Each structure stands twice: as C-alpha cells, then as structure tokens.
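S.K.: model the structure of this input:
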Amino acid sequence: MTSLTFLIDLTDTALLKSIQTNVSGPGKQSYYVSEPGEALFQLKDNDADIALVQANKFTAADLVLLKEVNQESNTEVVLFSDGKPNPYIDQAMFNGVTYHFRSPYDYESINSTLSELIEDLSEQKHVSKSAKTSVLDQFGLLLGSSTPMKKLYRTLRKVSSTEANVFVNGESGTGKELVANTIHLVSDRSSGPFIAVNCGALSPELVESELFGHVKGAFTGANRDHKGVFEQADKGTLFLDEITEMPLEHQVKLLRVLETGEYRPVGSDRVLKCNVRVVAASNRVMDESMSEFIREDLYYRLAQFPLQLPPLRQRSTDILGLAQHFLAYRNMENSASKSLSAAAIALLESHQWTGNVRELKHVVERSFILAEDVIGAEHILFDDMSSPEESSLSEGIPLDVPLEDIEKIAIEKNLEKNKGNKSETADKLGISVKTLYNKLEKYSED
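M.R.: Numbering: from 1, shown residues only. So this is what the prediction gives:
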C-alpha cells in the first residue's frame with residue numbers, strides 16, 4: 001500500500017473526530033502541530049501529502065507562505081474556516097488551494113472529499129514510481145512532471161467533471177487553449193463540439209453576428225442564415241480566448257446568455273436557448289485595475305472557477321523534458337535522430353523564457369533546422385536574440401521618414417515574422433489586439 005502522510009492543524013474537536021478514519025490506519029501517518037497556526041511554517045521544511053489547516057484567522061502572511069508551499073511541494077492543502085469573509089482565503093483559492101470548507105461543517109461531504117483525494121494521491125504515487133524513465137507526465141493535452149503541473153492536473157480533474165465556467169489566466173505561451181481543450185476532453189461534454197473564438201479579433205460591426213448568428217437579410221451582405229459560436233458549441237464547450245481584448249461596450253452582450261442561456265440571432269424575433277459550458281482566457285493580470293479591460297459582472301459570471309497557469313520559469317524542472325519532447329516530435333517527422341548537447345541543455349535551463357512554452361518550442365524547432373546531428377549551444381537562438389547587423393536598434397531606423405510610416409513598417413514586419421498571428425504581434429509590439437486591428441483597418445483605407 002502506498003504510504004500517505006497528513007499534517008493536521010485543526011482546533012475544532014468535532015471536526016478532528018470526524019476525520020479520524022480517513023487520516024489513520026495502514027499506510028497513513030498523521031502529524032499534529034504543537035502550536036495552532038504553525039502548519040504552513042512546517043510545510044516549508046517538511047513535505048506532507050495532505051495538510052488540513054484551520055484558517056479562521058488566515059492572514060496576508062499565511063497567503064505568502066501558502067504560495068511558497070504550492071510552488072515548492074506536492075502537498076495538497078485543505079482549509080477550514082468559520083465562514084467569515086476573508087479576502088486572503090479567496091486569493092488562496094485563486095492560487096490553487098483545492099478545497100475550502102466553511103463552518104457549519106458537513107462532515108459527510110468532508111470525509112467523502114478526503115477519501116477521493118486520498119485515492120487520487122495514492123494512484124499518482126503508484127504511477128510516478130513505475131514511470132520514472134518517461135520524459136514527462138501528461139494529462140489531456142498538457143505535458144509536465146513539475147510540482148506546479150501536478151497540482152494543475154489535480155485541479156483540472158476536479159473542475160472538468162463539473163459544469164462550472166472556468167476563467168484561465170496566464171502569460172502568453174503558457175497553454176491556455178490547451179487547458180481549455182483538456183477541460184473539454186476530460187468532461188462529460190467531450191462528445192460535443194469544442195469551439196474556440198479569439199475575442200480580440202472579432203470585428204466590432206459583426207460581434208453580435210459572430211456570437212449569436214444572424215438570419216438571411218439581417219443586414220447588407222447577410223445572404224444566408226449564419227450560426228453564431230454559441231449555437232455551434234451547443235452541448236459542448238465554448239472557449240472565449242482573449243476575452244479582455246473585447247471592447248467593454250461589447251462585453252455587455254454576453255451577460256444575458258451567460259446568465260440564462262438565452263440569445264437572439266441578429267435580425268430574428270426568436271429567442272434561442274443554448275447548452276454551453278464557457279471557458280474564457282486572458283493574459284492580463286487580474287488585480288484592482290481589471291475593470292479597465294473587463295466588466296466586473298462579466299468576470300464573475302465567467303470565473304465561477306478561476307484558474308492560474310504557472311509560467312515556465314516556475315516549472316523549470318520541465319524545461320529539459322519539454323525540449324526533448326519537441327525535439328522527438330521533429331525527429332519523428334523528419335526521420336532524424338538529433339540530440340541536445342550538454343552545453344545546449346545548460347543554455348536552455350538557464351534562460352528566463354518570457355515567452356514560456358511557446359518560445360521554447362520555437363527555439364527547439366529553430367535549433368533542429370540549424371544542427372546536423374547534435375544541437376550545440378551555437379544552434380540555440382532565442383526569440384530576443386538579434387543577428388549582428390540588427391544588434392543596434394537605432395541603426396535600423398530610417399531617417400527623414402514620417403513616424404506613422406515607421407509604425408506601419410514595424411507592424412507589417414512583425415505580422416510577417418509571426419505568420420499573420422495578430423495576437424502574438426500585438427503582444428510583441430506592446431499594444432492591445434483592438435489597437436492593432438484599428439491600425440490595420442486604417443492602413444487598408446489609405
């Protein structure tokens with residue numbers, strides 16, 4: 001039997017008594033903190049599989065400790081509180097705490113949850129022992145064996161089985177669409193459609209038509225009926241990517257359909273009903289300034305379950321495995337057997353990866369093209385590395401040219417480099433997708 005360890009920091013005696021069966025017995029070791037409130041400090045130095053923590057007075061310092069525990073260990077932390085509103089517990093849930101139980105406690109539900117958690121962890125421990133030689137673990141479309149990824153897998157497994165709308169937040173290149181697709185594939189809706197739409201790329205004039213469809217003759221050019229994405233995704237999952245790039249005045253159009261499931265195609269007098277699970281995503285930081293780019297009422301409808309993706313720098317133990325995975329894929333496609341040298345590995349592992357997994361994939365693919373048999377450090381070209389003739393930015397700027405023309409050249413060159421990907425181009429230029437579309441529309445009119 002796989003051994004599990006519990007760290008228990010509970011002051012509620014009735015709660016303690018109710019969980020005894022789950023935390024004691026063959027293959028289970030329970031450790032009780034001597035001083036209430038010390039569990040998170042102990043977890044920094046001593047791993048446990050599950051920590052049960054009383055959080056009636058959960059503070060900002062506790063939140064900092066919990067974030068450190070989440071990043072450095074595989075411990076599953078479960079919080080119990082007296083039910084009073086606590087913004088630090090809310091933030092903890094956003095950062096990956098799997099469960100938070102509020103008083104008055106439902107002991108049957110708590111023990112059922114603990115039993116399921118114990119079963120999951122026991123299974124994962126067994127799998128990890130028999131799979132040490134594999135490059136990376138996988139869950140759905142996601143790859144990674146680091147602590148943050150294992151925590152993500154456990155969370156996705158739980159939320160995928162529900163009908164909750166999920167808001168995926170993460171830097172560019174962390175795999176937000178892969179997460180959305182994984183949620184769909186693992187859910188009961190997997191036999192239905194998965195429809196992805198880039199909200200930042202929706203034409204302002206056709207937002208309602210793209211979302212809800214239109215009937216023939218609804219407007220000039222509407223030569224036939226058109227199904228919107230909510231109808232296309234019926235009985236499946238709709239992925240609203242870059243939701244924060246949709247203008248605020250258009251975001252309001254989503255409120256009714258998210259609340260009631262009802263919508264009206266443009267030009268129609270019929271109200272239709274959809275059965276859709278929505279996963280939304282953004283690479284913006286969700287803080288006190290978020291009202292500048294997303295309506296608060298919309299955010300809380302979308303974020304029934306908020307999910308934060310770890311950047312690659314927080315899962316550094318996955319870098320080599322991911323690089324080997326991408327290299328193996330290229331080897332298979334090209335019937336090659338190229339490998340990474342020790343110097344190349346060291347260079348990859350020391351890089352900051354601001355572009356995250358997407359950047360790593362591009363770097364490996366470039367190095368594959370450049371190398372013959374063994375990929376050396378000289379074959380590693382990062383996204384931010386310039387060729388010698390481009391090393392001085394000022395030397396490449398033409399003189400006596402209007403500023404607008406220079407801006408246009410920069411946009412067109414970046415679009416060409418990014419193969420027409422407007423989201424990536426806007427990100428590289430430091431502007432919003434909406435601004436990019438406005439500029440491109442202006443250029444087309446000139």
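S.K.: am I right that Phe101 is in a helix?
M.R.: No. Phe101: not assigned to a helix; according to DSSP: H, G, I helix; E, B strand; the rest coil it is strand.
S.K.: what's around the closest residue to it other than its chain neighbours, how many residues?
M.R.: Across the structure, with C-beta to C-beta, 6 or more residues apart in numbering as the measure, the residue nearest Phe101 apart from its sequence neighbours is Phe80 (5.1 Å). Bear in mind the C-beta positions are built from the backbone N, C-alpha and C, glycine included. Around Phe80 there are 23 other residues, counting by other C-beta atoms under 10 Å.
S.K.: given the helix or strand that contains Phe80, what are its sheet partners and their directions?
M.R.: In this structure, Phe80 sits in strand 76-81 according to DSSP states H and E. According to DSSP bridges, the neighbouring strands of strand 76-81, each with its direction, are strand 50-54 (parallel), strand 99-102 (parallel).
S.K.: quick revisit: give me every residue that touches the residue nearest to Phe101.
M.R.: For Phe80, the contacting residues are 10, 12, 15, 52-55, 100-103, 105, taking C-beta atoms under 8 Å, 6 or more residues apart in numbering as the criterion.
S.K.: which among the strands paired with strand 76-81 is found nearest to Arg313?
M.R.: When those are compared by C-beta to C-beta, strand 50-54 sits nearest Arg313, at 25.5 Å.
S.K.: distance between the closest one and the chain's centre?
M.R.: Here the centre of mass of C-alpha atoms in strand 50-54, compared against the chain's by C-alpha atoms, centre = their mean, to the nearest Å, lies 26 Å away.
S.K.: may I have the helix or strand following that strand exported as PDB, CA atoms only?
M.R.: Counting by DSSP H and E, the next helix or strand C-terminal to strand 50-54 is helix 60-72. Backbone C-alpha positions of helix 60-72 (Å, rounded to 0.1, in the frame of the first residue of the first chain) are rendered in PDB as follows:
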ATOM      1  CA  ALA A  60      -1.600  38.000   4.300                       C
ATOM      2  CA  ALA A  61       1.500  36.300   5.700                       C
ATOM      3  CA  ASP A  62      -0.300  33.000   5.600                       C
ATOM      4  CA  LEU A  63      -1.100  33.600   1.900                       C
ATOM      5  CA  VAL A  64       2.600  34.200   1.200                       C
ATOM      6  CA  LEU A  65       3.500  31.000   3.000                       C
ATOM      7  CA  LEU A  66       0.900  29.100   1.100                       C
ATOM      8  CA  LYS A  67       2.100  30.300  -2.300                       C
ATOM      9  CA  GLU A  68       5.600  29.100  -1.300                       C
ATOM     10  CA  VAL A  69       4.300  25.700  -0.300                       C
ATOM     11  CA  ASN A  70       2.400  25.500  -3.600                       C
ATOM     12  CA  GLN A  71       5.500  26.200  -5.600                       C
ATOM     13  CA  GLU A  72       7.900  24.000  -3.700                       C
END
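S.K.: the inter-axis angle of helix 60-72 versus strand 50-54?
M.R.: Calculated by axes from the mean of the first three to the mean of the last three C-alpha atoms, to 10 degrees, helix 60-72 forms an angle of 170 degrees with strand 50-54.
S.K.: buried residues, helix 60-72. List them.
M.R.: Of the residues in helix 60-72, those buried under the neighbour-count criterion (16 or more other C-beta atoms under 10 Å) are 62-63, 65-66, 69-71.
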